[in-house]
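# Would you be able to build a 3D model of this:
(2 chains)
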Amino acid sequence: MKLVLEKIARDFSDGRQMRRVLFPTSLEFVPGELAVLSGPSGSGKTTLLSIMGLVLRPSEGHLFLDEREISGLPDLEAADMRLQKYGFVFQQPMLIEGLSVRENIWLALAVQGGRVPPEAREKTEDLLTQLGLEGTSHMQPRLLSGGMKQRVSIARALIKSPDVLLCDEPTSALDAESGQGVMGILKRIAVAEGCIVVVVSHDARVFPYADRLIKLENGRVVSDTRESYSPQKEDAQ
Amino acid sequence: MRSLTALRMVIHDRSSTAGALLGVIAIVFLVGQQLSILFGLLNYMSVLVDHSRADAWIVSPNIRNADAGNLISVRYLDRVVGLDGVKWAEPVLIGNGLFRTTDGSFESVRVVGIRRPSIAAGPWRYFQSDEKALLDLESVTVDRLDLSKLGAPLLEQVTEIGDRRVRLAAVTEGVRGFQGTIVFGSLDKVREIARTPPGRYSAILVGYNPGVDKAALTAQLKQILPKCSVFTTSELSRLTRNYYFTNTGIGSSFGFSTLIAVLIGVVIISLTMYTSVLGRALDFAVMRAIGGRKWDIAVVVISEALLITAVGLFVGFLMLATLLNVTGNSSIPSYFPAYVAPVLAAGTVLVSLLGSVVALRVALRADPASVFH
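Numbers count the residues shown, from 1 in each chain, chains lettered A, B, ... in the order given. You can find the predicted model right below:
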């Protein structure tokens, strides 16, 4: 299972003229690896993540998952693909108020209708325990702290054992301790579940968890480092 | 899970749920109440015809309703009685008179004369006394709900209608007409009151033998009475109702007030559901991002509307039933036929769905890409 980007580019129109926000980019992501997309604001990292997550179509290029081209999928097939293959963790937890913690998690399985399978119910409790959220499954999200909510959103992404886990600034709304906790979990998942994990972040505290650090500037990849990240090396550069 | 999500959203978003619920209740209660009065009045319009127990009415030609006919000759009665399939034929005389109340003032009443001892076209429900009370020449009836208007006369009290002596012999129940108080009496007494010539009647009512081909017999009556109009009871009832409905402004008046009630409901439902969905826009975007299709979002929004409608229907009909129970025995005309309830419920569901269309459009515009930043 590989996620391959082949000369992916994206243009946006401001109403008068087209503006290229992502220049042709080719990347390949493999399971068991936690890749961090980093760069300043407006560098195109979120656009790249949105294209990888099939919520935005590229203006040019191709996207392949497991050798199947998925960049031009019609809406319904893209939705099916997101449901079956993808997990998402957003900058804000974005849990649905009114649904309990476990119902928020189950929604990721049954958002297209149908019943939640019994094994998923057991897995929910296991996940919550692994994420340090035991005893919260029946609670309303508003009763949880920011860090706990973000961990619930990770559980929501993991309940369907996704092939690709895309995380958009998952630590930016958290304090240092909660942020490290979340990154530790994501790192464990990448290794243990054999999942492609891509994290968008400009938070330097995230970098030590990266197996691969991809830097973008002005819509272009300026560096793609697979070595273990070291802050000293960064300083020297 | 989509229905559960809708249910949880409905429960969680209390203020908007309450608003939309108010809209649904307004539709059910206001429209139901309007309809009950309309049907009550419709019943009044054709009350004598509907309760006549006759199969056919023979009346003067070119009539536009049961209350406005010319008099017809008694000789038609003899022609009808001898026909095969005719079980009975009875003359009825309808006129107007002034009822002298207990304080000496007068009230206009509709007097209906029937031949004794038969009571075809006579009172059909009694509050005090019974049909035997009408055997006496001077006996008349008034309805319980008209008693106070007529000065609360007591049973057996003697008074005058049209300067003719009458005696209140029975009190009827729910026997009221569109044109006011209905007073039943003998043919001869009503003839005196209405000052109509002898040998002429307002209508001849005909009862058929069981099992007879009613359409064929009615056609035969029309054939042998070319100078009269022959209607089946249901035809005359419909003619009378249509006449009053279209010529008195009742139809347009009730149609307008019903339309206003529906519009108020739609506006309330639309605004509250729109606000609710607007507040949930990001939730719908999240649902889309994690694999939900537009159809799934639509299912959630429509389920929300249907859940609110179901609760609203229950509360609305409960309130309506209470109102009908309270007004059932009052002078307010109210009647709610059983078949209207499912029609009103279906209409309300339709209106609720219509009200949720704007909200649905907003929800369907939720962009999954918006969840990234």
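
# ok, now how distant is B:Val28 from B:Ala341?
Remark: distance between B:Val28 and B:Ala341 (Cβ to Cβ, to the nearest Å) = 10 Å. Glycine gets a C-beta too; all of them are placed from N, C-alpha and C.

# of these two, who's got more company?
Each of B:Val28 and B:Ala341 has its neighbours counted (other Cβ atoms under 10 Å in any protein chain shown); B:Val28 has more, 28 against 17.

# Please name the nearest non-neighbouring residue to that one.
Among residues not flanking B:Val28 along the chain, B:Gly316 sits closest, at 2.7 Å (Cβ to Cβ, 6 or more residues apart in numbering or on different chains).

# who does the helix or strand encompassing the one you found touch, helix- and strand-wise?
Element membership for B:Gly316 (DSSP states H and E) is helix B:294-327. Identification of packing neighbours for helix B:294-327 by 3 or more Cβ pairs under 8 Å, 6 or more residues apart in numbering or on different chains; DSSP states H and E yields helix B:2-12, helix B:14-26, helix B:32-45, helix B:250-279, helix B:281-289, helix B:340-355, helix B:357-364.

# now the first one: mean pLDDT?
Looking back up the chat, that one is helix B:2-12. If you average the pLDDT over helix B:2-12, you get 87.

# Stretch B:354-373 near chain A anywhere?
Yes - shown here: stretch B:354-373 in contact with chain A (Cβ under 8 Å from any Cβ of the partner chain) through B:Asp367, B:Pro368, B:Ala369, B:Val371, B:Phe372, B:His373.

# send the alpha carbons of that stretch over as PDB?
Output of stretch B:354-373 as PDB, limited to C-alpha atoms (Å, rounded to 0.1, in the frame of the first residue of the first chain):
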ATOM      1  CA  LEU B 354     -40.900  22.200   2.500                       C
ATOM      2  CA  GLY B 355     -39.800  24.300   5.500                       C
ATOM      3  CA  SER B 356     -36.600  22.300   5.800                       C
ATOM      4  CA  VAL B 357     -35.700  22.800   2.100                       C
ATOM      5  CA  VAL B 358     -33.700  26.000   2.800                       C
ATOM      6  CA  ALA B 359     -31.900  24.300   5.700                       C
ATOM      7  CA  LEU B 360     -31.200  21.300   3.500                       C
ATOM      8  CA  ARG B 361     -29.700  23.400   0.800                       C
ATOM      9  CA  VAL B 362     -27.300  25.000   3.400                       C
ATOM     10  CA  ALA B 363     -26.400  21.600   4.800                       C
ATOM     11  CA  LEU B 364     -25.700  20.100   1.400                       C
ATOM     12  CA  ARG B 365     -23.300  23.000   0.600                       C
ATOM     13  CA  ALA B 366     -21.100  21.900   3.500                       C
ATOM     14  CA  ASP B 367     -17.600  21.600   2.000                       C
ATOM     15  CA  PRO B 368     -15.500  18.800   3.300                       C
ATOM     16  CA  ALA B 369     -12.400  20.800   2.500                       C
ATOM     17  CA  SER B 370     -13.500  23.500   5.000                       C
ATOM     18  CA  VAL B 371     -12.500  21.200   7.900                       C
ATOM     19  CA  PHE B 372      -8.900  21.700   7.100                       C
ATOM     20  CA  HIS B 373      -8.200  25.100   8.800                       C
END
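
# Please compute how far it lies from its chain's middle.
Relative to the chain's own centre, stretch B:354-373 is displaced by 43 Å; criterion: Cα atoms, centre = their mean, to the nearest Å.

# Up against chain B, what does chain A have?
Residues of chain A lying near chain B (Cβ under 8 Å from any Cβ): A:46, A:49-50, A:53, A:55-56, A:75-76, A:79-80, A:82-84, A:86, A:88, A:90-91, A:94, A:96-99, A:103, A:106-116, A:156, A:168-169.

# again, 6 Å this time
When proximity is defined as Cβ under 6 Å from any Cβ of the partner chain, chain A approaches chain B at A:46, A:50, A:55-56, A:76, A:79, A:82-83, A:88, A:90, A:94, A:96-99, A:108, A:110-113, A:168.

# Mark which of the residues of stretch B:354-373 next to chain A are buried, thanks.
Among the residues of stretch B:354-373 next to chain A, those buried by neighbour count (16 or more other Cβ atoms under 10 Å in any protein chain shown) are B:Pro368, B:Ala369, B:Val371, B:Phe372, B:His373.

# Closest one to B:Val111 out of the residues you listed, please.
Comparing those against B:Val111 with Cβ to Cβ places B:Pro368 closest, at 76.8 Å.

# Just confirm that closest one contacts B:Met287, I think it does.
No - with contact defined as Cβ atoms under 6 Å, B:Pro368 does not reach B:Met287; the gap is 8.5 Å.

# Number of residues surrounding the spatially closest residue to B:Val299 that is not a sequence neighbour?
Sequence neighbours aside, B:Arg2 is the residue nearest to B:Val299 in space, at 4.6 Å (criterion: Cβ to Cβ, 6+ apart). For B:Arg2, the neighbour count with other Cβ under 10 Å is 23.

# again with A:Arg115
Applying other Cβ under 10 Å, we find 10 residues neighbouring A:Arg115.

# What are the phi and psi values at it?
phi -90, psi 160 (degrees, to the nearest 10).

# Mind listing what's buried along the helix ranked longest in chain A?
Scanning chain A for the helix with the most residues, using DSSP state H, yields helix A:176-192. By neighbour count on 16+ other Cβ under 10 Å, the buried set for helix A:176-192 is A:Ser178, A:Gly179, A:Gln180, A:Gly181, A:Val182, A:Met183, A:Ile185, A:Leu186, A:Lys187, A:Ile189, A:Ala190.

# Relative to chain A, how far out is the residue positioned nearest the centre of chain B?
Chain B has B:Phe39 as the residue nearest its centroid, 1.3 Å off, counting by Cα atoms, centre = their mean. According to Cβ to the nearest Cβ, to the nearest Å, B:Phe39 and chain A sit 42 Å apart.

# just B:Arg200 next, same as before
Counting by Cβ to the nearest Cβ - B:Arg200 and chain A are separated by 74 Å.
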